[in-house]
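[1] one predicted model, sequence on top.
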Amino acid sequence: AKEENVLSSQIAKKFEKRFFEDMFSLGVLEPHVRLRVSEHMTHIIKYIEEIINQGHAYSTPSGVYFDVKNFGDKNYGSFKHPSSEDDDDGILLNSDKRDRRDFALWKCSSNAEDLNNSGTSGSNSDSSWESPWGVGRPGWHIECSALTHSHFGSKLNIHSGGRDLAFPHHCNEIAQCESHAGSPGKGWGDLWIHTGHLYIKGRKMSKSLKNFISIKELLNDRGVHKDDIRLFCLQYHYRSDIHFSEDRMSEAQSLRSNILKFLERAQTLGTCTGPWDIEDRNLFERVMKAQQDVDVSLSNDFDTPNILRILSSLITTSDIYMKNKEVSGMIPKQPLEAVSQLVISTFQMLGVDSITSLSHRVTNNSDSELVSNRALEELVLFRSQVRDLAKTSLKKDKSTPQGEKAVVPLGVQVLKLCDQLRDDTLPTIGVYVEDRVSGSFTSSVAPTKKPPKSK
């Protein structure tokens with residue numbers, strides 16, 4: 001703010017806007033409430049006063065500090081039990097602190113130009129406020145405790161953050177909240193979720209090291225789909241460090257493409273309502289087992305990597321099943337429908353929107369979608385007929401009479417055009433065609449590359 005000669009609130013609003021724009025582009029749900037420290041200063045000051053009244057904080061010329069020793073050594077340090085030699089934030093002993101472990105609830109300003117947000121000094125600063133202890137600002141830890149209390153009360157069900165915040169930040173949050181509630185050591189949050197860090201080329205990704213890739217760069221410049229980024233993250237357990245690499249991102253892209261292709265094939269082929277044979281029963285049993293395994297993985301600390309393995313294995317098994325059954329053309333609807341429902345519902349829960357939207361297209365086709373699908377079917381049928389004609393012509397044109405100029409047989413030319421349509425043209429509009437013994441099969445997937453420029 002000083003460098004740009006603007007208010008701190010202007011900088012905060014700019015980056016808040018960018019943050020939520022990035023979250024929206026990734027398909028992250030909007031929070032119900034946005035809490036800003038600057039809008040809760042009265043509540044924060046009152047919260048500090050109540051901790052002082054509990055006897056767990058004291059005022060000094062430099063600010064207000066939490067009294068760890070008075071709070072109770074056995075009550076402090078839920079994720080780490082620091083000794084009196086430890087010092088939060090890595091700073092040296094402040095002469096106003098009674099114990100090295102004590103931490104600031106309110107920091108009095110040492111700058112004569114700092115002011116409260118009424119702007120009485122004529123400065124452009126808006127990062128200091130009046131308080132019973134002098135002009136200053138809240139400490140780092142008290143902000144979170146006071147703001148969560150303002151909306152959720154004295155207990156919290158789930159709290160999350162990076163694992164580097166476990167100590168001192170979360171330890172100090174717990175101490176503040178338990179003190180404020182008058183229940184030291186009695187617990188505040190029921191469940192704590194600590195996430196790993198993001199690494200690139202073996203180093204933690206950070207702005208200071210300039211080794212970061214922005215979300216906008218991934219989505220706009222590199223053309224990565226938002227769901228591929230989500231699947232990339234789901235390949236790792238949330239507590240593990242994530243190592244960004246092109247290979248792992250490609251794996252995520254391939255996984256999503258395979259899922260979409262499978263769902264389209266399953267809907268097209270699973271149409272028979274006749275009796276089941278042993279293969280049908282075996283596949284259905286695999287689905288039931290996979291459902292149980294997914295539930296167990298979710299209960300096992302959100303083991304998303306294992307969920308991806310379970311569903312990938314199920315899709316592979318289903319692909320083999322369809323290939324084996326395709327020759328007879330008797331593929332019951334229910335087993336493949338059960339597989340599709342499990343795959344769609346699981347990825348819907350995990351927020352992979354493109355798979356969810358595919359399920360809507362499969363089950364709720366509008367009239368326009370039906371027309372588009374019919375046109376697509378007719379195009380593929382036409383291509384199949386031309387392809388068959390070309391293969392027949394190719395058999396007749398086995399050789400060219402000696403002495404005559406060699407002519408590329410009509411069949412070769414037509415087959416080449418069919419292959420170009422399949423491999424080069426249709427993928428650019430999100431259409432996948434697969435030639436099989438029983439005919440050609442089509443499905444819609446994400447476009448693989450930009451369409452060629454018209455000449």
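    That came through fine.
[2] kindly check the end-to-end length of stretch 240-249 for me.
    Using C-alpha to C-alpha, to the nearest Å, the end-to-end distance of stretch 240-249 comes to 17 Å.
[3] who touches it?
    For stretch 240-249, the surrounding residues in contact (C-beta atoms under 8 Å, 6 or more residues apart in numbering) are 196-200, 202, 205, 213, 224, 228-229, 232-233, 235-236. Every residue, glycine included, has its C-beta placed from N, CA and C.
[4] all strands of the stretch 101-250 of the chain, in order?
    The residue ranges that make up the strands of the stretch 101-250 of the chain, judged by DSSP state E, counting those that start in this stretch, are 104-108, 136-138, 156-162, 189-195, 198-200, 203-204, 242-244.
[5] and the fourth one, what does it pack against?
    I take that to be strand 189-195. Packing partners of strand 189-195 (3 or more C-beta pairs under 8 Å, 6 or more residues apart in numbering; DSSP states H and E): strand 156-162.
[6] mind listing what the strand it packs on pairs with, with the direction of each?
    Sheet pairing of strand 156-162 (DSSP bridges) gives strand 189-195 (parallel).
[7] got the contact list for the strand it pairs with?
    Contacts for strand 189-195 (C-beta under 8 Å, 6+ apart): 79, 155-163, 165-166, 170, 174, 238-239.
[8] of these, buried ones?
    Neighbour-count burial within these applies to 156, 159, 165, 170, 174, 238; the criterion is 16 or more other C-beta atoms under 10 Å.
[9] may I ask which two of those residues are separated the most?
    Taking C-beta to C-beta as the measure, the buried ones among the contacts of strand 189-195 reach their widest spread between Ile174 and Tyr238, a distance of 20.8 Å.
[10] for stretch 26-39, which positions count as buried?
    The neighbour-count criterion (16+ other C-beta under 10 Å) identifies 26, 37 as the buried residues of stretch 26-39.
[11] now that stretch: average pLDDT?
    The average pLDDT within stretch 26-39 is 93.
[12] where does the prediction get shaky in the protein?
    Within the chain, the stretches falling below the threshold (pLDDT under 70) are 81-94, 111-125, 358-378, 381-382, 395-407, 428-430, 436-455.
[13] now do the contacts for the nearest residue to Leu298 once chain neighbours are set aside.
    Excluding its sequence neighbours, the residue lying closest to Leu298 (C-beta to C-beta, 6 or more residues apart in numbering) is Ile307, at 7.2 Å. Going by C-beta under 8 Å, 6+ apart, Ile307 touches 234, 294, 297-298, 346, 350.
[14] and with 7 Å instead?
    Listed by C-beta atoms under 7 Å, 6 or more residues apart in numbering, the contact set of Ile307 reads 294, 297, 346.
[15] one step back: just the buried ones among the contacts of strand 189-195 now: which is nearest Ser59?
    Distance to Ser59, by C-beta to C-beta, is smallest for Ile174 among the buried ones among the contacts of strand 189-195, at 22.4 Å.
[16] distance check, the closest one against Ile193.
    In this structure, Ile174 and Ile193 are separated by 15 Å, where distance is defined by C-beta to C-beta, to the nearest Å.
[17] just to revisit the earlier point, identify whichever of the strands of the stretch 101-250 of the chain lies nearest to Phe302.
    strand 189-195 (8.3 Å).
[18] tell me which residues in the closest one are buried?
    Counting neighbours by 16+ other C-beta under 10 Å, one finds that the buried residues in strand 189-195 are 189, 192, 194-195.
[19] can you show me the helices along the stretch 201-350 of the chain?
    Counting by DSSP state H, counting those that start in this stretch, the segments of the stretch 201-350 of the chain that form helices are 215-216, 226-234, 246-269, 278-299, 304-326, 333-349.
[20] adding distance to Glu21, write those out as a markdown table.
    Formatted as a markdown table, the entries for the helices of the stretch 201-350 of the chain read as follows, by distance: least, C-beta to C-beta, whole Å:
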| stretch | distance to Glu21 |
| --- | --- |
| helix 215-216 | 8 |
| helix 226-234 | 13 |
| helix 246-269 | 22 |
| helix 278-299 | 30 |
| helix 304-326 | 26 |
| helix 333-349 | 24 |
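[21] just those: most buried one?
    For those, average neighbour numbers computed from mean count of other C-beta atoms under 10 Å are highest in helix 226-234, which has a mean of 21.
[22] figure out how far that one is from the centre of its chain.
    Here the centre of helix 226-234 is set off from its chain's centre by 6 Å, with C-alpha atoms, centre = their mean, to the nearest Å.
[23] that helix versus helix 333-349: what angle between them?
    Relative orientation of helix 226-234 versus helix 333-349 (axes from the mean of the first three to the mean of the last three C-alpha atoms, to 10 degrees): 80 degrees.
[24] output the contacting helices and strands for helix 226-234.
    Contacting helix 226-234 under the criterion 3 or more C-beta pairs under 7 Å, 6 or more residues apart in numbering; DSSP states H and E are the following elements: helix 246-269.
[25] how far away from the center of its chain is the helix it packs on?
    Averaged C-alpha coordinates place helix 246-269 at 18 Å from its chain's average position (C-alpha atoms, centre = their mean).
[26] what angle do that helix and helix 333-349 make?
    Here the directions of helix 246-269 and helix 333-349 differ by 140 degrees (the same axes, to 10 degrees).
[27] count of residues packed around Ser131?
    Applying other C-beta atoms under 10 Å, we find 20 other residues in the vicinity of Ser131.
[28] how near is the residue nearest to Arg286 when sequence neighbours are not counted to Gly134?
    Counting by C-beta to C-beta, 6+ apart, the nearest residue to Arg286 once its immediate chain neighbours are dropped is Thr317, at 5.8 Å. With distances defined as C-beta to C-beta, the gap from Thr317 to Gly134 amounts to 69 Å.
[29] just checking, Arg387 touches Lys416?
    No. Judged on C-beta atoms under 7 Å, Arg387 makes no contact with Lys416 at a distance of 10.7 Å.
[30] more neighbours: which of these two?
    Ranked by neighbour count (other C-beta under 10 Å), Arg387 and Lys416 place Arg387 first, with 21 against 12.
[31] if I look at the residue nearest the centre of the chain, how far off is Gln54?
    Closest to where the C-alpha atoms of the chain average out (C-alpha atoms, centre = their mean) is Arg230, at 3.9 Å. With the distance defined as C-beta to C-beta, Arg230 ends up 44 Å from Gln54.
[32] Phe79 too?
    Note on Phe79: its distance to Gln54, by C-beta to C-beta, is 22 Å.
[33] what does Phe19 give?
    Separation of Phe19 from Gln54 (C-beta to C-beta): 35 Å.
[34] now swap in Leu218 and tell me
    Leu218 is 47 Å from Gln54, by C-beta to C-beta.
[35] and those two? which has more neighbours close in?
    A direct count of neighbours by other C-beta under 10 Å for Leu218 and Gln54 places Leu218 higher, at 21 against 18.
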